[in-house]
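1. Compute the structure for the input listed below.
(chains A and B)
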Amino acid sequence: MIPLDIHELTPLVEALIFAADGPIKLERMAEALEMEPAEISAAIEALQADYEEHPRGFFMQEVSGGYQLRTRPEYADYLRRLGQSRPFKFSRPALESLSIIAYRQPVTRSEVEYLRGVDSGSVVKTLLEKRLIRILGKKDVPGKPMIYGTTKEFLELFGLPDLSALPTLREFSELVSEEESGGQMASMPLLVEQGDAEM
Amino acid sequence: MDSYAIQLENFEGPLDLLLHLIKKNEMDVQDIPIAEITRQYLSILDAMKTLNLDMAGEFLLMAATLLHIKSKMLLPKIVEDELEEEEEDPRAELVRRLLEYQKYKEVSLTLESKPQLGRDLFARFSAEPEVLENAEAGFVAVGLFDLLEALKEVMKESPEQIVHEVNMEQLSVTDRINAILSELQGKESLAFHDLFSGVLKRSEVIVTFLALLELVKLRMVRFMQNVHHGSIWLFPAVTIEESDELDLGDDSLGYS
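-> As a prediction, the model looks like this:
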């Protein structure tokens, strides 16, 4: 293959990311182009810079170990009008259980239940059906309970490059007021911040 | 009391309710006035009872825990000089659980607020993130749940027979495997449901299902479906001619 300079490589990498069915890994692109991952990485940086300078309707998100083009969140309302499927709306039990599993995996159902103080069987089942969690195996304790962890679909849904990108758990020694924890919700990560965080 | 009643269903569980009570009363979580919190907690349980709300056992368990802590705290502390180590505050475990629960409750809200694929962000083919997974010619691999759902459907159609026939009929998984293979021969695919047409007995349904599982395990067929929860299709994974008659003894599969 003819060595490509960065100006030729950047649109080629863009084409690969565009055409891929899901998030495409750096290594996969390097393999397809018979190039070094570092070169692809440089092209991705160039692309990212280009998107920032000349914003499009989409942006590039590093997600689940790969890269994917996704529409900008501010257009969500309009895009939802196109969609045939309703987005998955989380119930609070589902969200709480999913968070506990995400942060404490590998984890058993009874550990989730101890932390939440409520039966979580049906919630775990729903999360399994939605493919947000999966069975990792069985714990080597009496009863051999199943242990659970999150899936790549989980990372894709929340736009996380990997598990280390989960929001930081705040350690508490006291309770936060309800207004305060509500305020936490309002300070949503903005698109700009996300773009920065990716590179 | 009325103010409680309205909010009851908003609580995820006893920990959530306790957190709320402690915050509302502006109590110090490290030094919970256990008598007061127990009183308030129990009065809420009473309200739940009057409202005939289906009270989950977890709420009662927590009530018992609170009472247990309360009684422990009422006991005079035995001063034992020999025992240097201080006995742990009876409330300590509860406090740990409350703080731990609060941690996950909070982070779950942060997670929820992140832009979600299919809700806030959209990618090609990904209105539903689930269909991202290897969409092979419009088909996706069938998961365990879909397979079990399909089995349940078939089982519904073959109600358990109550007959007094004692002669054992030998149903062989191997025979069924070979039958399925020969049915598949020359075809591109078979509908899961068709495999059970004509099969009426429950035992036959089960043997057929086992045969299918074995075939998947042997990597001779694959289950695919075109949409999630759509109908399931059976595809040959190898050229059937090569594996015409499968030389499998029943013993080798572990069924008898």
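
2. Run through who's touching the longest helix seen in chain A.
-> For chain A, the longest helix by residue count, based on DSSP state H, is helix A:37-53. Contact with helix A:37-53 is made by A:6, A:9-10, A:12-14, A:17, A:26-27, A:29-30, A:33, A:59-60, A:67, A:195, A:198-199, as judged by Cβ atoms under 8 Å, 6 or more residues apart in numbering or on different chains. Every residue, glycine included, has its C-beta placed from N, CA and C.

3. just checking, which of these belong to strands?
-> When DSSP state E defines the strands, the subset of the contacts of helix A:37-53 inside them is A:59-60, A:67.

4. Now do the buried residues in the longest helix of chain A.
-> Within helix A:37-53, the residues scored as buried using 16 or more other Cβ atoms under 10 Å in any protein chain shown are A:39-40, A:43-44, A:46-48, A:51.

5. One more: stretch B:212-220?
-> Burial within stretch B:212-220, assessed by neighbour count using 16+ other Cβ under 10 Å, is assigned to B:212, B:214-216, B:220.

6. Output that stretch as PDB - backbone C-alpha positions only.
-> The C-alpha coordinates for stretch B:212-220 follow below in PDB (Å, rounded to 0.1, in the frame of the first residue of the first chain):
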ATOM      1  CA  LEU B 212     -31.300 -28.100  18.700                       C
ATOM      2  CA  LEU B 213     -29.100 -27.200  21.600                       C
ATOM      3  CA  GLU B 214     -26.800 -30.000  20.800                       C
ATOM      4  CA  LEU B 215     -26.600 -28.900  17.200                       C
ATOM      5  CA  VAL B 216     -25.700 -25.400  18.200                       C
ATOM      6  CA  LYS B 217     -23.100 -26.700  20.600                       C
ATOM      7  CA  LEU B 218     -21.600 -28.900  17.800                       C
ATOM      8  CA  ARG B 219     -21.600 -25.700  15.700                       C
ATOM      9  CA  MET B 220     -23.600 -27.400  13.000                       C
END
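
7. Now do it, average pLDDT.
-> Model confidence over stretch B:212-220 averages 83 on the pLDDT scale.

8. those strands in the chain, which residues are they?
-> Using chain A. Taking DSSP E as the criterion, chain A carries its strands at A:58-63, A:66-71, A:107-108, A:133-138, A:146-150.

9. you looked at the wrong chain, it should be chain B
-> Secondary structure of chain B by DSSP E: the strands cover B:140-141, B:190-191, B:221-225, B:232-236.

10. Model confidence for A:Glu193, exactly?
-> In the predicted model, A:Glu193 carries a pLDDT score of 33.

11. do A:Glu8 as well
-> Predicted confidence (pLDDT) at A:Glu8: the value is 89.

12. Count the neighbours of it for me.
-> The tally of other residues near A:Glu8 (other Cβ atoms under 10 Å in any protein chain shown) stands at 11.

13. Where do the domain boundaries of chain B fall?
-> The record, using automatic domain parsing to delimit domains, assigns chain B the ranges B:2-113, B:129-253.

14. what do you get for chain A?
-> Domain assignment of chain A by automatic domain parsing yields the ranges A:6-82, A:92-169.

15. winner for burial among those domains?
-> Of all the domains of chain A, domain A:92-169 has the most neighbours on average by mean count of other Cβ atoms under 10 Å in any protein chain shown, namely a mean of 19.

16. how far is that one from where the chain is centred?
-> Between the mean C-alpha location of domain A:92-169 and the chain-wide mean there is a distance of 15 Å, by Cα atoms, centre = their mean, to the nearest Å.

17. Run the contact check for that domain versus chain B.
-> Yes. In this structure, domain A:92-169 sits against chain B according to Cβ under 8 Å from any Cβ of the partner chain; the contacting residues are A:92-93, A:95-96, A:98-100, A:102-103, A:114-119, A:128-131, A:153, A:156-159, A:166-167, A:169.

18. Identify, from the buried residues of helix A:37-53, the entry nearest to chain B.
-> Within the set of the buried residues of helix A:37-53, A:Tyr51 lies nearest chain B; the separation is 14.3 Å, counting by Cβ to the nearest Cβ.

19. Now do the buried residues in the helix ranked longest in chain B.
-> Ranked by residue count, the top helix of chain B under DSSP H comes out as helix B:92-113. Buried residues in helix B:92-113, counted by 16+ other Cβ under 10 Å: B:94-95, B:97-113.

20. worst-scoring helix or strand of chain B, pLDDT-wise?
-> Among the helical and strand segments of chain B, the one scoring lowest on mean pLDDT, DSSP states H and E is helix B:2-7, with a mean of 46.

21. and B:Ala47, how far is that from B:Leu17?
-> B:Ala47 sits at a distance of 11 Å from B:Leu17 (criterion: Cβ to Cβ, to the nearest Å).

22. I meant to write A:Lys138 there.
-> Counting by Cβ to Cβ, the separation of A:Lys138 from B:Leu17 is 33 Å.

23. Now A:Ser102. Nearest residue, chain neighbours left out?
-> That one is not Ser; residue A:102 is Ala. Taking Cβ to Cβ, 6 or more residues apart in numbering or on different chains, and ignoring the residues beside it in sequence, A:Ala102 has A:Thr150 as its nearest neighbour in space, at 5.0 Å.
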